[in-house]
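# Take this sequence and fold it.
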Amino acid sequence: MKRPGIEAPVVALDLDGTLGDYHEHFRRFATMWTGREIVWDPEIKGSFAAQLGMSKALYRKCKLAYRMGGMKRSMPVFEAARDLTIAIRRRGVMVTACTTRPYLQMTTIDGDTQHWLRRNGLQVDGILYGEHKYRDLVKGVGKERVICALEDDLSQIKVANQLGISTIMRLNDANRQFVPGPTQLTASDLVMARCIILAKIDQYKEMGPSYASR
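Numbering: from 1, shown residues only. Okay, here's the model as predicted:
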């Protein structure tokens, strides 16, 4: 497949909870790590730690162990994730993986992430790490080149929207208790996400860069 040009428009894809089943994978790890059954209740309104019945301190310790243990390499991928990346790139659009994983704080993060992408055949043209991933994306390529972002974290969706990036909320068990705003696009699975993203790509090509912020 021909690689999109370096000045091509961009679609941003989050990883954990969006392309990969992070939440259930972490719950299983937390059960092994704590030595007790961790029950996940997505109906609880609050953080993922609260849904797991874990204190913030315990959750952070467990999450550090999860990352340091290379668990990101074995996280299950959601159905149709590979097809989504291929379909986007076939339109001549770059795929940028945007993740809050702390690349600068842990030397294993990039290697684990790249391994996971290769293992599951996900085709990406670049990876951005850290809490400011969407700010860095706009800084790097310009807002007018970003067609949209697929994201499951509401706090990151808010940041992306404030930056003028059109977002699609990837619905999953961890965020299903939140009610999206009336103008927020949502996708219950990656097949639906693919349809929405390809339609936005087509509209972008018809209307030009001015479409990206709509």
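
# Wait, Trp40 touches His23, no?
Yes - the pair Trp40 / His23 is scored as a contact, 7.1 Å apart, by CB atoms under 8 Å. The C-beta positions use only the backbone N, C-alpha and C, and glycine is treated the same way.

# Spell out which residues are contacts of both of these two.
Residues touching both Trp40 and His23 (CB atoms under 8 Å, 6 or more residues apart in numbering) are Asp173.

# right, and Arg89 touches Leu122 too?
No - using CB under 8 Å, Arg89 is not in contact with Leu122; the gap is 10.6 Å.

# And the helices in the protein?
Secondary structure of the chain (DSSP state H): helices at 22-34, 48-52, 56-68, 81-90, 108-119, 133-141, 154-162, 190-207.

# So what's the gap between the last one and the chain middle?
The reference is to helix 190-207. 17 Å (CA atoms, centre = their mean, to the nearest Å).

# I'd like to check the angle between that helix and helix 81-90, please.
Relative orientation of helix 190-207 versus helix 81-90 (axes from the mean of the first three to the mean of the last three CA atoms, to 10 degrees): 10 degrees.

# Show me what helix 190-207 is packed against.
Contact here means 3 or more CB pairs under 8 Å, 6 or more residues apart in numbering; DSSP states H and E; on that basis helix 190-207 packs against helix 81-90, strand 146-151, strand 167-170, strand 185-187.

# circling back: quick one: closest of the helices of the chain to Arg170.
helix 190-207 (6.3 Å; CB to CB).

# Can you point out the buried residues in that closest one?
Under the neighbour-count criterion of 16 or more other CB atoms under 10 Å, helix 190-207 has 190, 192-194, 197-198, 200-201, 204 buried.
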